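**Student:** How does the following fold in three dimensions:
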Amino acid sequence: MLTTEAAMTLSFPNPARSYDESKRRVRFLGHDGMFEVRFFVAAEVLSSNLVERTAVSDDYLASFDALRPKILKAAQAAYKAKNAQSIMLDLENFK
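**Tutor:** Residues are numbered from 1 along each chain as shown. Okay, the predicted model is just below:
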């Protein structure tokens, strides 16, 4: 008897991202086949190069763009572990 597992095909075809000031996080999307997966990156992850008291949304978005390869790698690992429709990435995901 042969069994086949569907391979996880998480991708990030849309480079759009947005900053949510009230929740202090950046939102971006991934796709697993036809399913949309919402990811959030805590502002504390992005603030290593920023002075948080004076940082504005553009600063967090620029930091996200600079860290994008690391963020996408962490997102893939978190999705593989959790396989949920919504995933929050915090400092623990980047250790």
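
**Student:** the bottom helix or strand of the protein by mean pLDDT?
**Tutor:** In the chain, no helix or strand scores lower on mean pLDDT, DSSP states H and E than helix 43-46, which sits at a mean of 92.

**Student:** name the helices or strands packed onto it?
**Tutor:** Helices and strands touching helix 43-46, by 3 or more C-beta pairs under 8 Å, 6 or more residues apart in numbering; DSSP states H and E, are strand 25-32, helix 57-82. C-beta coordinates here come from the backbone N, C-alpha and C atoms, glycine included.

**Student:** hmm, who's touching it?
**Tutor:** 24-26, 52, 55, 60, 63-64, 67, 71, 89-91, 93-94 (C-beta atoms under 8 Å, 6 or more residues apart in numbering).

**Student:** just stretch 77-95 next, same as before
**Tutor:** Identification of contacts with stretch 77-95 by C-beta under 8 Å, 6+ apart yields 8, 10, 25, 30, 32, 35-42, 44-45, 70-71, 74-75.

**Student:** if you set the cut-off to 6 Å instead, what comes out?
**Tutor:** Residues from elsewhere that reach stretch 77-95 (C-beta atoms under 6 Å, 6 or more residues apart in numbering): L10, V37, R38, F39, F40, V41, A42, V45, A74.

**Student:** Mind putting the residues you listed into JSON lines with distance to A81?
**Tutor:** Converted to JSON lines, the contacts of stretch 77-95 look like this (distance: C-beta to C-beta, whole Å):
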{"residue": "L10", "distance to A81": "12"}
{"residue": "V37", "distance to A81": "13"}
{"residue": "R38", "distance to A81": "16"}
{"residue": "F39", "distance to A81": "13"}
{"residue": "F40", "distance to A81": "16"}
{"residue": "V41", "distance to A81": "16"}
{"residue": "A42", "distance to A81": "17"}
{"residue": "V45", "distance to A81": "17"}
{"residue": "A74", "distance to A81": "11"}
